[in-house]
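>>> give me coordinates for this.
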Amino acid sequence: MSITLQNLSIVIVTLRSENVIFECLDSINREIPVFVIENSNNFEFKNLLEKKYKNVRCTLTEKNLGMGTGNNIGIKLVKTDYTLILNPDIILESNTLEQLMISSKNNQDFAILSPISSNKNYPNYKLLEENSLIAQDNFLFKVKSVDGYAMLFNKKKINEILKNEPEIKNQKYFDENFFMYLENDDLCKRVIMNQGTILVASKAQINHLGGRAVNEKYRNEVELSRNWHWIWSKFYFNKKHYGLL
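Residues are numbered from 1 along each chain as shown. Now for the predicted structure:
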């Protein structure tokens, strides 16, 4: 089964993201269900989104649970076969979703499919040691991992690949021990280790505003938090996959 408007949903985790979320939502086809997981108790934000966008459902977590946990909550709400994870500072091109759908038609055996960043200086993927172009007509290529700000899940395939992980039965795809960083690298590593395929569709471009997912007035607070969580995530990732030493 390939991706269509009828079997695709979008999950966006936010935290005080009212400065950028509207540009993101305006770039999404209104036929696609969007699940916004707001890591706070901001009822004003929820009401504003749901009033302005009929395809948006906003869930308040009451407190900041982090990116991985927020995405897991959103994915569990999704009823479609495919889920596109987006950060609120992502803007889709007019043909991004169409190109993802085209790319999936003849290449349905993927676990994760990612659009490509329009900024070539900051690629949103890491290549395999032996990269291979698997579909010349759609410019699909295999990668080792993709950045978490834009990644499309083939839920049935991921469930099959990671079926031996206890948390998968509860649709917890991201390891919730990661709060802010490397939860995407961890998931990609687990997929690759279990012989899954991660693809990038180079005709499906996105624009990443970068570092603008949180309102500017909270910059100092967020930067302090980022530094701590980056150190913790690096430690936990290495401990989990390579051992304490």
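
>>> make it CA atoms for all contacts and neighbour counts henceforth
Noted.

>>> which one is residue 186 nearest to, not counting chain neighbours?
With CA to CA, 6 or more residues apart in numbering as the criterion, residue 186 has its nearest non-adjacent residue at 7.0 Å, and that residue is residue 237.

>>> stretch 40-53: which residues count as buried?
40, 42, 45, 46, 49 (16 or more other CA atoms under 10 Å).

>>> oops, could you answer that again for stretch 114-134 instead?
Buried residues in stretch 114-134 (16+ other CA under 10 Å): 114, 115, 116, 117, 118, 124, 125.

>>> now the residue nearest to the last one when sequence neighbours are not counted: phi and psi?
Right, residue 125. Distances taken as CA to CA, 6+ apart place residue 146 nearest to residue 125, at 4.2 Å, with adjacent residues excluded. Backbone torsions of residue 146, given as degrees, to the nearest 10, read phi -130, psi 150.

>>> now do stretch 71-81: everything it contacts.
Stretch 71-81 has contacts (CA atoms under 8 Å, 6 or more residues apart in numbering) with 6-9, 11-13, 35-37, 83, 85, 154-156, 171-174.

>>> what are the ranges of the strands in the protein?
Along the chain, the stretches classed as strands by DSSP state E are 8-14, 34-38, 56-60, 82-86, 90-92, 112-117, 125-127, 133-135, 140-146, 150-154, 198-208.

>>> mean pLDDT and distance to residue 243 for those strands - can I get that in JSON lines?
Converted to JSON lines, the strands of the chain look like this (pLDDT from 0 to 100; distance: least, CA to CA, whole Å):
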{"stretch": "strand 8-14", "mean pLDDT": "97", "distance to residue 243": "31"}
{"stretch": "strand 34-38", "mean pLDDT": "98", "distance to residue 243": "33"}
{"stretch": "strand 56-60", "mean pLDDT": "98", "distance to residue 243": "36"}
{"stretch": "strand 82-86", "mean pLDDT": "98", "distance to residue 243": "29"}
{"stretch": "strand 90-92", "mean pLDDT": "97", "distance to residue 243": "35"}
{"stretch": "strand 112-117", "mean pLDDT": "97", "distance to residue 243": "26"}
{"stretch": "strand 125-127", "mean pLDDT": "92", "distance to residue 243": "23"}
{"stretch": "strand 133-135", "mean pLDDT": "52", "distance to residue 243": "33"}
{"stretch": "strand 140-146", "mean pLDDT": "94", "distance to residue 243": "21"}
{"stretch": "strand 150-154", "mean pLDDT": "97", "distance to residue 243": "28"}
{"stretch": "strand 198-208", "mean pLDDT": "95", "distance to residue 243": "25"}
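
>>> need those in JSON lines with distance to residue 232, can you?
Listed next are those as JSON lines, based on distance: least, CA to CA, whole Å:
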{"stretch": "strand 8-14", "distance to residue 232": "21"}
{"stretch": "strand 34-38", "distance to residue 232": "23"}
{"stretch": "strand 56-60", "distance to residue 232": "26"}
{"stretch": "strand 82-86", "distance to residue 232": "23"}
{"stretch": "strand 90-92", "distance to residue 232": "26"}
{"stretch": "strand 112-117", "distance to residue 232": "26"}
{"stretch": "strand 125-127", "distance to residue 232": "22"}
{"stretch": "strand 133-135", "distance to residue 232": "35"}
{"stretch": "strand 140-146", "distance to residue 232": "20"}
{"stretch": "strand 150-154", "distance to residue 232": "23"}
{"stretch": "strand 198-208", "distance to residue 232": "25"}
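
>>> so which of these is nearest residue 230?
strand 140-146 (17.5 Å; CA to CA).

>>> angle of that closest one against strand 198-208?
80 degrees (axes from the mean of the first three to the mean of the last three CA atoms, to 10 degrees).

>>> that'll do, ta.
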